[in-house]
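Enquirer: how would this look folded up:
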Amino acid sequence: MALDTWLVKVKKTISHSFDSVRASPPHAKPVTKKSSLGVMAFEIAGLMSKLLHLWQSLSDKNIMRLRNESICLEGVRKIVSNDEDFLLSLACAEIVENLRVISRALSRISSKCEDSSLRSFDQIFDQFANTGRDPHNWSLSWKDMEAKIKKMDGYVTVTATLYREIEELTLVENSLKKSLQSKDQDHVTIKQQKVIDQQQKLLWQRQEIKYLKERSLWCRSFDTVTILLARSVFTVLARIKLVFGMGQGYPHSLHRSLSATVYPSDQNHPTSLDMVLGPRAKSTKHQESKGGLSHGFFELNSKILKPPASTLGAAALSLHYSNLIIVLEKMTRSPHLIGFDARDDLYVMLPQSIRWSLRARLRGVGFSASDPVLAGEWRDALGKILGWLSPLAHNMIKWQSERSFEQQNMMPKTNVLLLQTLYFANQEKTEAAITELLVGLNYIWRFEREMNAKALFESADFNGGFINLQNSS
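Expert: Residues are numbered from 1 along each chain as shown. Next comes the predicted model:
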């Protein structure tokens with residue numbers, strides 16, 4: 001009975017504590033701003049993460065890597081395109097599209113702002129993209145942008161910590177409630193101490209969450225966060241135009257401040273990266289001269305991202321072929337482990353077009369596969385094909401997984417672009433490479449089985465002769 005009485009008192013205390021936190025007294029209402037983000041802080045933190053990643057992808061180091069490595073991948077040149085102008089156009093268009101996704105999300109957030117100019121963010125941003133006009137001077141210098149980046153990075157880190165602590169608070173609350181509802185009468189003193197410890201941990205957890213809310217995005221207003229994001233989005237777009245040689249139509253002061261990071265020691269260099277990404281600049285200017293901008297900056301880039309009819313992206317086969325290539329890669333590593341069921345499953349994965357080409361290639365091929373020299377040549381050939389084809393397949397999986405619903409609010413971990421995947425790959429060339437892999441794998445698989453069968457036969461024959469020799473003796 002003493003325990004029951006004590007538990008009732010603790011329940012009342014906890015209940016009163018819950019109520020005091022969840023229901024603010026009348027005089028405290030004016031303290032909470034109506035425009036505070038609250039639970040939306042977590043969504044906006046994810047948006048900031050994407051913007052931070054996009055800005056980082058536009059650094060001098062990453063742009064040079066794009067120019068000297070990404071578009072020079074052997075697989076890209078073999079089955080995507082050997083035209084640098086086209087490849088750079090794809091890279092630019094995808095980066096612009098990523099920024100457009102962020103701006104659309106920001107537009108929804110800005111509708112909750114009190115500042116009328118922020119509520120019109122989408123119109124102002126489209127105007128800036130199409131004409132370069134910046135009526136509110138939202139674009140930042142490189143130095144100011146770097147300061148904003150550090151600020152947003154701090155917000156993202158603290159807000160992520162807040163999310164984890166709130167999850168921990170829920171666990172502590174549930175644990176305490178279970179302890180209070182327990183009917184166990186044994187070890188009264190131990191149970192009392194356990195409840196006291198949990199109550200203390202609960203109070204500490206609430207204090208920690210209160211502290212994190214004050215430092216994170218939770219207590220920031222919609223206006224404060226929107227202007228921070230808006231100015232950053234404007235600056236990122238200016239950086240994109242600078243890096244890809246589309247420098248017309250935005251503030252010269254910003255143009256110089258950004259280009260100084262590319263050529264810090266010589267102001268006589270071009271004010272854009274034409275020396276690095278010149279083909280894209282020429283291509284864009286040609287499109288603009290034909291009236292491309294009349295359709296809108298973002299619309300123009302969206303058209304560039306539409307895959308041609310001859311590609312796997314247009315046929316909606318890029319992801320399927322990526323999985324198929326990865327399966328073939330694993331089978332090539334261990335052909336002796338491939339069973340008949342695995343062969344059947346692989347055949348089911350093949351589209352009809354590849355089945356037809358495979359039958360044509362295998363027609364007239366004998367059933368014997370006993371030539372070790374030919375098997376070695378096939379292994380080398382498969383290794384070379386997979387050497388340039390496999391990276392594109394793995395990149396396709398990475399690109400797709402980072403854009404899945406579960407990962408949408410997480411920061412991307414790679415800088416994989418669509419041009420580095422199978423999305424823009426020529427369907428006919430890709431299918432020819434896959435067919436070659438299947439033919440080679442078929443020979444190696446039969447060679448391994450014949451060699452294993454021969455070894456077993458010789459072993460059995462040797463053991464039988466040895467036994468007969470022993471019996472005769």
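
Enquirer: could you pull out the strands for this protein?
Expert: Using DSSP state E, the chain contains no strands.

Enquirer: what stretches of it score poorly on pLDDT?
Expert: Low-confidence segments of the chain, defined by pLDDT under 70, are located at 1-34, 181-191, 247-295, 364-369, 405-414, 453-473.

Enquirer: Which positions in stretch 81-94 come out as buried?
Expert: S81, E84, D85, F86, L87, L88, S89, L90, A91, C92, A93, E94 (16 or more other CB atoms under 10 Å). Every C-beta, even on glycine, is put in place using the N, C-alpha and C of the backbone.

Enquirer: Kindly reformat these as TSV containing distance to K398.
Expert: Shown next, in TSV, are the buried residues of stretch 81-94 (distance: CB to CB, whole Å):
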residue	distance to K398
S81	20
E84	23
D85	26
F86	22
L87	19
L88	21
S89	22
L90	17
A91	16
C92	20
A93	19
E94	14
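
Enquirer: Which ones among those map onto helices?
Expert: Residues from the buried residues of stretch 81-94 lying in helices, with DSSP state H as the criterion: E84, D85, F86, L87, L88, S89, L90, A91, C92, A93, E94.

Enquirer: which of the buried residues of stretch 81-94 lies closest to S302?
Expert: Closest approach between the buried residues of stretch 81-94 and S302, by CB to CB: A93, at 7.4 Å.

Enquirer: So that closest one sits against N301, correct?
Expert: Yes - with contact taken as CB atoms under 8 Å, A93 and N301 are classed as touching, separated by 4.1 Å.

Enquirer: Might one say that R379 is in contact with I444?
Expert: Yes - at 6.3 Å, R379 and I444 qualify as touching, with contact defined as CB under 8 Å.

Enquirer: who's more crowded, the two?
Expert: In terms of neighbours (other CB atoms under 10 Å), I444 is the more surrounded of R379 and I444; the figures are 22 against 17.

Enquirer: Show the contacting residues for the more buried one.
Expert: T332, P335, A369, A375, W378, R379, L382 (CB atoms under 8 Å, 6 or more residues apart in numbering).

Enquirer: got a winner among those for most neighbours?
Expert: Neighbours here are counted as other CB under 10 Å. On that basis the top member of the contacts of I444 is L382, with 24 neighbours.

Enquirer: check contacts around it.
Expert: When contacts are counted by CB under 8 Å, 6+ apart, L382 is found next to T332, L437, G440, L441, I444.

Enquirer: Which of these fall within helices?
Expert: T332, L437, G440, L441, I444.

Enquirer: Quickly name whichever of these is closest to H320.
Expert: Distances from H320 to the ones in helices among the contacts of L382, taken as CB to CB, are shortest for L437 (15.2 Å).

Enquirer: and the gap between that closest one and W378?
Expert: 10 Å (CB to CB, to the nearest Å).

Enquirer: Contact partners for the closest residue to K398 other than its chain neighbours?
Expert: Beyond its immediate neighbours in the sequence, the residue positioned closest to K398 (CB to CB, 6 or more residues apart in numbering) is V416, lying 5.1 Å away. With contact taken as CB under 8 Å, 6+ apart, V416 is in contact with N395, K398, W399, E402.

Enquirer: again, only this time at 7 Å
Expert: Residues in contact with V416 (CB atoms under 7 Å, 6 or more residues apart in numbering) are N395, K398, W399.

Enquirer: was I right about A425 contacting I79?
Expert: Yes - in this structure, A425 sits in contact with I79. The criterion is CB atoms under 7 Å, and the distance is 4.5 Å.

Enquirer: Counting neighbours around each, name which of those two comes out higher.
Expert: A425 (31 against 23).

Enquirer: Could you pull up phi and psi at the more buried one?
Expert: Here the main-chain torsion angles of A425 (degrees, to the nearest 10) amount to phi -70, psi 140.

Enquirer: Hmm, K201 is touching S175, no?
Expert: No - the pair K201 and S175 does not pass the contact test of CB under 7 Å, sitting 8.8 Å apart.
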